[in-house]
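Undergrad: Here is a sequence together with a model predicted from it:
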Amino acid sequence: MILALVYPIILGLDRVETASFLRFNGTFQYLTGLQSFPDPQTLRRFLIQAPESLWRHLHLVNDRLLQNFIHMPDHRSRLIFDLDSTVVTVFGHQEFAAVGYNPRYRGKRSYNPLLCIEANSSYLWDSELRAGNASTWEGSPELLDTCFVNVPSDIREIRLRADSGFGFNPVLEALEQRCIQYAIVARMTSGLRRLLPGPHYESVNSDWEMADFEHRSHGWPRARRFCVARHFVPDQEAQSTLFALGRHVYRIWVTNMNLTPAGIWHFYDDRAAMEPRGELREDFRLAKYPQSILCCERVLPGDHSSRIQSRHSIPTKLPSGILAKTDSLKTSLQTVPYPWRTYSSPEPTCIATASIIDAANSRR
């Protein structure tokens, strides 16, 4: 039954109902070793009645795959996490959906999931499904806890980038306790705004100049380092979307990294891969999860954030060897006529999972 859920994801079928044609595809059953394929109602019933232990076991399988794939094709010693939230609009009455910030469909119910993506591999490392009215950083410390638990032991350094929605003390404290290097866009408080004209700025190019200083924001236990870039705006230049003060526009980051201000700027700007959220929705099917049967963590007693964790983080960019097998399976299903054949000895789920991981290890 587990393989009947995994194979449609590999084939890019985004709904349980869409995979129903595999019931009559003998080629698919022959290639995968499945004697038969369950109908959509059976899959839904299986998910609804599945015990919580199934959810934990799926986590373990997913985490083990990530820990192996992250070192392909070359062994790595550093990870870069990009943290962000996005809006997923729903048209109906899905559970835990709520009206919140939604720039495209104002007033519509939505989810506001947190996403943590490993920048170099584009793997969705972890995610947390939240109600649409959740604040940007709500649930971030809990998400970071699960992210760091799944990091392979041979990773020596982790860096993190995030926008200003995560520039709150609980998030920064969680990162500093684990010695994580971070560069996060600073929240523009009144105290920080008053400091901007004071530092000694040095030119980094013909348009921008930069400086750094230490500042303790309200509620912080200590001062932290800020890096600021500013650009002079002539009268005729169009209005910028950056923060403006007088005749300058500013970009500001809070960081604990031992880089020059220009180095912080360049490091953070590589985060641009997080911006096309539409691609994330397509790759990870965020907008089409059937929430009532989602394998997820139920709302904890006393947890007023209505937090649900969703771990559909199966990588979309697999190593070349695994990807070749996936592509060949897709091609076979699309081009080969139905031979109406079945395979007599399908592999058990545990053996199939182990074979995937062993195949990955053999290519390292």
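TA: Thanks, I have the structure now. Residues are numbered from 1 along each chain as shown.
Undergrad: in stretch 83-92, what counts as buried?
TA: Neighbour-count burial for stretch 83-92, counted by 16 or more other Cβ atoms under 10 Å, picks out L83, D84, S85, T86, V87, V88, V90. Using the backbone N, CA and C atoms, a C-beta is placed for each residue, glycine as well.
Undergrad: Export these as JSON lines, with columns for secondary structure and distance to R159.
TA: What follows is the buried residues of stretch 83-92, written out as JSON lines (DSSP: H, G, I helix; E, B strand; the rest coil; distance: Cβ to Cβ, whole Å):
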{"residue": "L83", "secondary structure": "strand", "distance to R159": "11"}
{"residue": "D84", "secondary structure": "strand", "distance to R159": "15"}
{"residue": "S85", "secondary structure": "strand", "distance to R159": "19"}
{"residue": "T86", "secondary structure": "coil", "distance to R159": "21"}
{"residue": "V87", "secondary structure": "coil", "distance to R159": "26"}
{"residue": "V88", "secondary structure": "strand", "distance to R159": "27"}
{"residue": "V90", "secondary structure": "coil", "distance to R159": "34"}
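Undergrad: Quick one: mean pLDDT for the strand or helix carrying L66?
TA: Assigning secondary structure by DSSP states H and E places L66 in helix 52-69. Looking at helix 52-69 alone, the average pLDDT works out to 82.
Undergrad: Determine the set of other helices and strands touching that helix.
TA: For helix 52-69, the contact count by 3 or more Cβ pairs under 8 Å, 6 or more residues apart in numbering; DSSP states H and E identifies strand 123-128, helix 349-362 as packing neighbours.
Undergrad: Tell me where the chain has helices.
TA: Taking DSSP state H as the test, the helices found in the chain are 2-10, 26-32, 40-49, 52-69, 140-149, 169-177, 190-195, 261-269, 277-284, 320-335, 349-362.
Undergrad: re earlier: for the helices and strands packed on helix 52-69, which has the smallest mean pLDDT value?
TA: Lowest mean pLDDT within the helices and strands packed on helix 52-69: helix 349-362, a mean of 46.
Undergrad: CA atoms of stretch 71-86 as PDB?
TA: Coordinates of the C-alpha atoms in stretch 71-86 are reproduced here as PDB (Å, rounded to 0.1, in the frame of the first residue of the first chain):
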ATOM      1  CA  HIS A  71      26.000  13.800  -0.700                       C
ATOM      2  CA  MET A  72      25.400  13.200  -4.400                       C
ATOM      3  CA  PRO A  73      27.100  13.500  -6.800                       C
ATOM      4  CA  ASP A  74      29.900  14.800  -4.500                       C
ATOM      5  CA  HIS A  75      30.300  14.600  -0.700                       C
ATOM      6  CA  ARG A  76      29.500  17.800   1.000                       C
ATOM      7  CA  SER A  77      30.500  19.400   4.300                       C
ATOM      8  CA  ARG A  78      28.200  22.500   4.300                       C
ATOM      9  CA  LEU A  79      24.500  23.000   3.900                       C
ATOM     10  CA  ILE A  80      22.700  26.300   3.200                       C
ATOM     11  CA  PHE A  81      19.100  26.500   4.300                       C
ATOM     12  CA  ASP A  82      16.600  29.000   2.800                       C
ATOM     13  CA  LEU A  83      13.700  29.700   5.100                       C
ATOM     14  CA  ASP A  84      10.500  31.200   3.800                       C
ATOM     15  CA  SER A  85       6.700  31.100   4.000                       C
ATOM     16  CA  THR A  86       4.200  31.200   1.100                       C
END
